[in-house]
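Peer 1: A predicted structure for the sequence below; I have some questions about it.
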Amino acid sequence: MAEEVMMAGPRARDGAGTPRPVVLGLRANRGQFLLLVLINGFVGAMVGLERTVIPLIATRQFGIASASAALSFIVAFGVVKALTNVVAGSLSDRVGRKGVLVAGWLVGIPVPLLILWAPAWGWIIVANALLVPFAGNGSARSVSRFEESSRTL
């Protein structure tokens, strides 16, 4: 059963700044829940596909040892993830979380095509770096929701 709750914070206010009720429950928020499931499915599929297919591409197409491929992936992912987190945090304060999340999804769109048509290993690393904002959106959403709910306690 859906339950209305008054919460403090930016999500509990309308355009005029007056508090509005937040409706809890899966049935009441079915559209948002299904969108979240769909997005997480796409992210999981892309990350899983990349982690299983890329080592094969590295060894068979580009002649790179699988340990070298894994190391370059981990380093590229870590560096870009750290930089993305710093930029996304300050950018979301100015633009809003929704804009940053949508931008991250848009950046992730060309990743499969870059991997498919990569003429050199560097293109694969760039595709992996572009996947970071797309894949990192799930954790950014979770952190922002936790942060928001902890302010109301």
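Peer 2: That came through, no problem.
Peer 1: Any figure for the gap between Pro119 and Phe62?
Peer 2: 10 Å (C-beta to C-beta, to the nearest Å). Just so you know, the C-beta spots here come from the backbone N, C-alpha and C atoms, and that holds for glycine as well.
Peer 1: Tell me where the model's unsure across this protein.
Peer 2: 1-17, 20, 134-153 (pLDDT under 70).
Peer 1: Which stretches in this structure count as helices?
Peer 2: Taking DSSP state H as the criterion, the chain contains helices spanning 30-60, 66-95, 97-108, 111-116, 121-151.
Peer 1: Quick one: closest of the ones you listed to Thr18.
Peer 2: helix 121-151 (18.2 Å; C-beta to C-beta).
Peer 1: before we move on, back to that, mean neighbour count and distance to Pro21 for the helices of the chain - can I get that in a markdown table?
Peer 2: Listed next are these as a markdown table, based on neighbours: other C-beta atoms under 10 Å; distance: least, C-beta to C-beta, whole Å:
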| stretch | mean neighbour count | distance to Pro21 |
| --- | --- | --- |
| helix 30-60 | 13 | 16 |
| helix 66-95 | 14 | 25 |
| helix 97-108 | 16 | 20 |
| helix 111-116 | 16 | 39 |
| helix 121-151 | 17 | 16 |
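Peer 1: closest to Pro19 out of those?
Peer 2: So among the helices of the chain, helix 121-151 is nearest, using C-beta to C-beta, at 14.1 Å.
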